[in-house]
Every structure is written in C-alpha cells, then in structure tokens.
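S.K.: Give the three-dimensional model of this entry:
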Amino acid sequence: MTLDRRRFLTLSAASVSAAMLAACGGDAARLHPLLDLATRKNETLERKLFRSGSRNRPPVDAGVAGESFPSYFVSKHMPVWDPAVRGAWRLEVSGAVRKPLSLSLDDLVRLPRISQKVDHYCVEGWNARAQFSGVRVSDLARLAGATEDAQYVDFQSFDDDYHESWDMASAMHPQTIVVIAKDGHFLNASYGAPARVHSPVKLGYKNTKYLTKVVFMPKRNGGYWSDLGYEWYGGT
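M.R.: Here you go, the predicted model:
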C-alpha cells in the first residue's frame, strides 16, 4: 500500500502529538514546548521534501469540480467588493521591493498569464480540481523588484482581514499564481473575486482568497489559521 506525502505528514504529526499527550498526562503547560518542537521538526521535513521543479499534473482527461468546488470564507457573510464603499479594487504589491505596484484587474489581465488544471488540497482531507488562470507570483516579484531581504510573502485579504504568510520558495514556485479566472470565467464572489492566490504546493487554508495585498517581508509572520494553531508551513 502506498501512502501519499500529505497523508504521511498528517499521520506523523498526529502520532507525535498522541505520544506527547500520553507522556505528559495531558499537562498543557508541559505539552506546548514539545508540540512546538514537533511542529519545527515537521516543517524541517516538509522543506526538505519541497522541490521547486516538481509539478502537480492531473491526468489530461481529468475533470474539474466546477460548481462543486467548495466555497469558504471567514466573514459572517460572503465578501463582495463594493466599489461604492471601497473604491476601485486594486492589488498592492509592496514591502521588500524596489518598485511597489498598484494593479487593477485590467492590469492583471494584460500581464502574461498561465492557465493550469491543478488540485486543491484541504487540510480536512478532501481534494478538488479546477482550471485556474492568472499571473505567477514570481512574475509579480520580478516586476516589483523584490530585494534580497524578501524571504517571506504575506497574502492579505478583505475577508475580515484574513491573511497567511508563506516561505519565499513556495511563493516563487511556477504553479503559485494570483488567480483571476476559474474554469474559463472570471472569479465570482464564491471563489474569491476579484483575485486570490492558489498553488497546489500549499494546503487550502494557505491560499488566501479576496486578495488585496502581496507583501514581501524579511521575517515571517503568522496568519489567520496559523495563529489559531494550524501548521504555519502548510505544505502538500
């Protein structure tokens, strides 16, 4: 029987946590440092398994989830950009860059785009597939002139200030894109309009929807789910 990488990492982390709970008798004060150590060890393993040259390649004839692709957000109601309230939507690219960018949706449309049929992996264990089209984050980094200080990237949202930060290597992966279209149509509100980040190298909660800012940083910060105890790295 084969065991995929994501399942292996999940089982490994769960086994370590269970062993710690048994050893510590449920003593939370003693458990936290051990869990932190396990998290760091797990991230080290994930970083070693990451390959910038690897690609998620579903079968050519594989179907997409279409309207069955799950929709999620953290606000009480589905986030919808209202120009009358917020002004025209723009994507800000800033931080450790030489030339900060402020891009409209039309600007993104005019940039070189890729279209890729890829898998979306959820930490809950389900997968879905879509044809995503958009601009590589690596191209945005090049256009903005990301500096050597840029070691992490924070993807920020208007979905109740949702954000998640990534390691630079994952953000620069060729399949990490700022998505503006799904299955041949511009994103609708269910899937993160006007734009979202997506990559098959990260679990779903790392893929910020309702995107407004891409911030390059010298040091990493947390994220909406990361700050609640989910693994920060979140690799697949």
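
S.K.: from here on, contacts and neighbour counts on C-alpha atoms
M.R.: OK.

S.K.: in stretch 96-103, what's buried?
M.R.: 96-97, 99-101 (16 or more other Cα atoms under 10 Å).

S.K.: Stretch 228-236 now?
M.R.: Quick answer for stretch 228-236 (16+ other Cα under 10 Å): 231-236.

S.K.: for those residues, which one is nearest Pro194?
M.R.: Checking the buried residues of stretch 228-236 against Pro194 by Cα to Cα gives Gly234 as the nearest, at 24.1 Å.

S.K.: And the pLDDT at the closest one?
M.R.: Note for Gly234: predicted pLDDT of 94.

S.K.: tell me the contacts of it?
M.R.: 202-203, 206 (Cα atoms under 8 Å, 6 or more residues apart in numbering).

S.K.: can you confirm Trp166 is in a strand?
M.R.: Yes. Residue state for Trp166 (DSSP: H, G, I helix; E, B strand; the rest coil) corresponds to a strand.

S.K.: thinking it is in contact with Val153, fair?
M.R.: Yes. Shown here, Trp166 and Val153 form a contact pair, counting by Cα atoms under 8 Å, at 5.2 Å.

S.K.: Show the contacting residues for Val215.
M.R.: Contacts of Val215 by Cα under 8 Å, 6+ apart are 92-96, 153-156.

S.K.: Now with 7 Å, please.
M.R.: 93-95, 153-155 (Cα atoms under 7 Å, 6 or more residues apart in numbering).

S.K.: What helix or strand is it located in?
M.R.: With elements taken from DSSP states H and E, the one containing Val215 is strand 211-217.

S.K.: Return that strand as PDB; C-alpha atoms alone will do.
M.R.: Output of strand 211-217 as PDB, limited to C-alpha atoms (Å, rounded to 0.1, in the frame of the first residue of the first chain):
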ATOM      1  CA  LEU A 211      -6.800  39.200  -2.200                       C
ATOM      2  CA  THR A 212      -5.800  42.800  -1.800                       C
ATOM      3  CA  LYS A 213      -2.100  42.800  -0.900                       C
ATOM      4  CA  VAL A 214       1.000  40.800  -1.600                       C
ATOM      5  CA  VAL A 215       3.700  41.900   0.900                       C
ATOM      6  CA  PHE A 216       7.300  40.700   0.700                       C
ATOM      7  CA  MET A 217       9.000  40.500   4.100                       C
END
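
S.K.: hang on, the earlier thing: output the buried residues of stretch 228-236 as CSV; include the columns distance to Ala141.
M.R.: Output for those, formatted as CSV (distance: Cα to Cα, whole Å):
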residue, distance to Ala141
Glu231, 25
Trp232, 22
Tyr233, 20
Gly234, 22
Gly235, 21
Thr236, 23
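
S.K.: quick one: average confidence on the lengthiest strand in the chain?
M.R.: Using DSSP state E, we find that the single longest strand of the chain is strand 127-136. Average pLDDT, strand 127-136: 98.

S.K.: who does it pair up with?
M.R.: strand 114-121 (antiparallel), strand 177-182 (antiparallel) (DSSP bridges).

S.K.: Narrow the contacts of Gly234 to those that are buried.
M.R.: 202-203, 206.

S.K.: Pipe the residues you listed into TSV and attach distance to Tyr72 and secondary structure per row.
M.R.: Formatted as TSV, the buried ones among the contacts of Gly234 follow (distance: Cα to Cα, whole Å; DSSP: H, G, I helix; E, B strand; the rest coil):
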residue	distance to Tyr72	secondary structure
Lys202	16	strand
Leu203	14	coil
Lys206	13	helix
